[in-house]
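In: what's the 3D shape of this:
(2 chains)
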Amino acid sequence: MSVNGANPLRDAQDRRLPRIAGPSGLVIFGVTGDLSRKKLMPAVYDLANRGLLPPGFSLIGFARREWEHEDFAQEVYEAVKQHSRTPFREEVWQQLVQGCRFVQGDFDDDTAFETLKATIEELDKQQGTGGNFAFYLSVPPKFFPQVVQQLKKHGLAEKAGSWRRAVIEKPFGHNLESAQELNQIVHEVFPRDEVFRIDHYLGKETVQNILALRFANTMFEPIWNRSYVDHVQITMAEDIGIGGRAGYYDGIGAARDVIQNHLLQLLALTAMEEPGSFHPKALVAEKLKVLAAVELPEDLGKHTVRGQYSGAWQGGEKVVGYLEEDGIDPNSKTDTYAAIRLEINNRRWAGVPFYLRTGKRLGRRVTEIAVIFKRAPYLPFESGATEELGQNALVIRVQPDEGITVRFGSKVPGTSMEVRDVTMDFAYGESFTESSPEAYERLILDVLLGDANLFPRHQEVELSWNILDPIEKYWDEHGKPAQYPAGTWGPVEADEMLSRDGRSWRRP
Amino acid sequence: MKIDLTETTSSKINNALVQARRDIGTPAIGMVLTLVIVTDEENAYDALKSANDASHEHPSRIIVVIKRVSRTPRSRRDARLDAEVRVGSDSGTGETVVLRLHGELVDHAQSVVLPLLLPDAPVVVWWPEASPSDLAGDPLGALGQRRITDTYAAEDPIGELSARAAAYAPGDTDLSWTRITPWRSMLAAALDQQAVQVTSAVVEGEDENPSCELLAMWLADRLQVPVHRSRSQGPGLTAVRLETADGAVVLDRADGLLANLSMPGQPDRAVALKRRDTAELLAEELRRLDPDNTYEASVKFGVERLAAQARQATAAAAPAASGAAAEEATAAEAAAEDADSSDAASSEAAAEDAAKPAAPARKAARAASKKAVSK
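Out: Numbering: from 1, shown residues only, chains lettered A, B, ... in the order given. Next up is the predicted model:
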């Protein structure tokens, strides 16, 4: 920071100049995986193409595959060509390829980690990376302890005068206890501030826009409370099944996979109070407050639902049920659909239910936050005139077709007074760039810059498990998942759960 | 969808826009700004193409104002407005209106444009080539928050820069300035890495390229050191050299694509610095619509003052200089001469004037920056 202050070419008024990361490099463990090929490598290229990476930026791949540096470069080249968001440009590639290295080895292989260390030192000399490296653990969580221990053992986790950071992907444990254990393992090696947990939802423009919508405008905040809001529905639906992830998914389920991180983060951003500033500490303090205020329903049986998809026709295709998927135990009780009702105990939200639902093989792929407002207390129209009028709603569409929809009543043209619901739409694609950056671009850049705002802290992870653990425990002890045909919007039980409260699910 | 209107008026054009939107079934509009392009028949096609490409990032209503040349007294008297309305797939992501102004109407373009501006959205006026000398005072320019020119396309680019500085109003900006954003960000990033005191600088690039002058003036203004402007065959900007006590920080781009960054005590590194096309420049320009104070400070620094400072510095260094330094000095002298050659007497005087107040100002700035460091 002091260096930036002294740089005469930097000026706060000069807003054209982008934030470029300082000298640094990225080490990806599990570089042969899907995430790495489809998201990480293209994101690195897109950053370079946008001129946001420092000169000499280096990318080290670590995997078991027997590759030379050239093979790795070729692999990156193909991944970039196929998946990058911005057009491929030879000169950007030339800049990037100079810093591409590959280290072959297993995670228990001491010589491989020594080679990694030597490679890093060599890059410091050749590329001027200054010893600053982020270690991206794109590996199954069971390898986390081993990799971080190896990094510690070989003196890779710290270096005087430069930074070393760890980047980890979900799942952050499968309950509170395992999450704490994982945090302990990672924090033993890396300082708390140098651990970045990726929740790629937080890197999405629409999610960051929740804060802009709420705190940059005046017209929403006055009604953003229990006096006007009837309830909130947060949905993340996928139309795909578990695909090849049987080994990971069975025993974990939809609630642990999605609600614990993505949906509770969306809830926190939707419900939190205004932070004093956008300093990471101020933001995390508000998120923690709201997560700590979350209260579970007393009767978990009535206000939570889990389900499993059964074989059916979905969108013109015949698909098998969860229990018939390859590698799934036919008696599995794992949930592929989960819906829960939460309340937030504070002055702003007391009595306003937050309904969270997620599932696989639902109607379509969509993530949205719907804030449903109360009905007008009195309608001065003739009875019948407002029969088709629903509740006002504000919907933040997170993906796909990012944007915001407002629903309100409007008079139907004609001689009689008749009011019907209409929607007003703001689409990101329409009003801003066609090419907003991918979530991973933003997140990788933030890791290199050391900006922790868009990363859940360990306290947040632990608080979310605190919320979910009792529900999972209840489900383990009571009954089994309800069945719902693939391609529908979930089991009947979920509809009943809302109709008990006199409400119904939105069709997203 | 395309609608041609001859001998028309603004209100008929507005009706045509509403009609066209209805017909293609998208009455909702998400356009964020109105872009007015002031040009002639010859350049309209390219300018519109760039604007349409940029509209993928900034959906906008694009109004192209084409001033037709009248060749006879009769045609000069005959004021007429023809228009072409394009909506949907024919027009990037927004709407396009091409206006052809004939006769006397050429002088009253703002009367046609004003009713066509989007309600409550910012207006940007862009002159792809020739631009009026007083942008904010121009009737069309006065409609915009942001006025974009391109001194690179001017007959006398360097002279044009001085004119821009003289008539600067908040909201003015120039594509020659936009062109150097990647250079500026890379140089700033280089100095982020090493907190060094720059003692002098050289900007090298092709002749008649105002981007080189702007970059040199930016450096001179920010660093408070003499900056030499030297010439090369291009393309565009070719190198920047910042002298420090430990050695030089050099950003060198010989081919217009891939640059080489060398810093004292560090290995050389390749940096992609591609010359960008107009659509990309325009897209960057539309990202921020508030006045660009850094551009103001740089352009107002003054081409003459830049040359005068460089000349003074070389004069002081000349007796002791040898080898490479001497070479640079001659280059700088040549640069200074170039700047003077247009109007030797007056600019010589101006240069002296400019140099005098500059010295105390520089001292003050240094003291200020020292304070900032000690904090």
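
In: Check the gap between residue A:365 and residue B:95 for me.
Out: Computed as CB to CB, to the nearest Å, the residue A:365 to residue B:95 distance reads 31 Å. The C-beta positions use only the backbone N, C-alpha and C, and glycine is treated the same way.

In: and these two? which has more neighbours close in?
Out: Taking neighbours as other CB atoms under 10 Å in any protein chain shown, residue A:365 and residue B:95 compare with residue B:95 leading, 25 against 13.

In: check contacts around the more buried one.
Out: For residue B:95, the contact set (CB atoms under 8 Å, 6 or more residues apart in numbering or on different chains) comprises B:17, B:20-21, B:29, B:31, B:61-62, B:85-87.

In: Provide the secondary structure category for the closest residue to chain B within the stretch 251-400 of chain A.
Out: Of the stretch 251-400 of chain A, the residue with the smallest distance to chain B, taken as CB to the nearest CB, is residue A:397 at 13.8 Å. Following DSSP: H, G, I helix; E, B strand; the rest coil, we place residue A:397 in the strand state.

In: same check, this time on residue B:282
Out: Taken by three-state DSSP, the conformation at residue B:282 corresponds to helix.

In: How about the contacts made by it?
Out: The contact partners of residue B:282, taken as CB under 8 Å, 6+ apart, are B:50-51, B:53-54, B:126, B:148, B:175.

In: which two from those end up farthest apart in space?
Out: By the measure CB to CB, the contacts of residue B:282 have their two most distant members at B:53 and B:148, which lie 15.3 Å apart.

In: got the contact list for stretch A:203-212?
Out: Residues from elsewhere that reach stretch A:203-212 (CB under 8 Å, 6+ apart): A:201-202, A:265-266, A:269-270, A:278, A:369, A:396-399, A:402-403, A:428, A:436-443, A:454.

In: ok, and the most crowded of the contacts of residue B:95?
Out: Each of those was scored by neighbours using other CB under 10 Å; the highest score is residue B:62's, at 27 neighbours.

In: Can you list the low-confidence ranges for chain A?
Out: Flagging of chain A using pLDDT under 70 yields the residue ranges A:1-5, A:429-436.

In: what number of residues lie near the residue of the stretch 101-250 of chain A found nearest chain B?
Out: With CB to the nearest CB, the shortest gap between the stretch 101-250 of chain A and chain B falls at residue A:128, namely 4.2 Å. Using other CB under 10 Å, residue A:128 has 23 other residues around it.

In: now residue A:384
Out: Neighbourhood size, residue A:384 [other CB under 10 Å]: 10.

In: Same question for the one 10 residues further on.
Out: For residue A:394, the neighbour count with other CB under 10 Å is 21.

In: out of everything not next to it in sequence, what's closest to residue 139?
Out: Let's take chain A. For residue A:139, the nearest residue in space outside its immediate sequence neighbours is residue A:30; the separation is 4.0 Å by CB to CB, 6 or more residues apart in numbering or on different chains.

In: wrong one, chain B
Out: Taking CB to CB, 6+ apart as the measure, residue B:139 lies nearest to residue B:110, with 4.1 Å between them; neighbours along the chain are not counted.

In: my read: that neighbour touches residue B:141, true?
Out: No - shown here, residue B:110 and residue B:141 do not form a contact pair, counting by CB atoms under 8 Å, at 9.2 Å.

In: Settle it for me: which of the two has more neighbours?
Out: residue B:141 (23 against 15).

In: For residue B:123, see how far away that one is.
Out: According to CB to CB, residue B:141 and residue B:123 sit 10 Å apart.

In: Repeat that for residue A:209.
Out: The span separating residue A:209 from residue B:123 equals 25 Å under the rule CB to CB.

In: is chain B contacted by the host helix or strand of residue A:406?
Out: With secondary structure defined by DSSP states H and E, residue A:406 is part of strand A:403-411. No - judged by CB under 8 Å from any CB of the partner chain, strand A:403-411 stays clear of chain B, getting no closer than 8.9 Å.

In: which helices and strands does the helix or strand just after that strand pack with?
Out: Following the chain from strand A:403-411 toward its C-terminal end, the next helix or strand by DSSP H and E is strand A:419-427. Using 3 or more CB pairs under 8 Å, 6 or more residues apart in numbering or on different chains; DSSP states H and E as the contact criterion, the secondary-structure elements in contact with strand A:419-427 are strand A:403-411.

In: Show the buried residues in the contacts of stretch A:203-212.
Out: A:201-202, A:265-266, A:269-270, A:369, A:396-399, A:402-403, A:428, A:436-443, A:454 (16 or more other CB atoms under 10 Å in any protein chain shown).

In: Show me which of residue B:53 and residue B:148 is the more surrounded one.
Out: Counting neighbours by other CB under 10 Å for residue B:53 and for residue B:148 shows that residue B:148 has the greater number, 25 against 16.

In: Report the separation between the more buried one and residue B:171.
Out: In this structure, residue B:148 lies at 10 Å from residue B:171, with CB to CB as the measure.

In: Same check on residue A:254?
Out: Separation of residue A:254 from residue B:171 (CB to CB): 52 Å.

In: Ok, residue B:119 next?
Out: The spacing between residue B:119 and residue B:171, counted by CB to CB, is 20 Å.

In: same question, residue B:10
Out: Taking CB to CB as the criterion, residue B:10 is separated from residue B:171 by 24 Å.

In: before we move on, what about residue A:38?
Out: Taken as CB to CB, the spacing of residue A:38 relative to residue B:171 amounts to 43 Å.

In: Mind checking which of these two has more residues around it?
Out: Set side by side, residue A:38 and residue B:171 show more neighbours around residue B:171, with 20 against 14, by other CB under 10 Å.

In: Next up, the contacts around the more buried one.
Out: Residue B:171 sits next to B:136, B:144-147, B:291 when contact means CB under 8 Å, 6+ apart.

In: Let me know the closest of these to chain A.
Out: For the contacts of residue B:171, the minimum distance to chain A (CB to the nearest CB) is 9.6 Å, reached by residue B:291.

In: Okay, and residue A:41 sits in which element?
Out: When secondary structure is defined using DSSP H and E, the element that contains residue A:41 is helix A:41-49.
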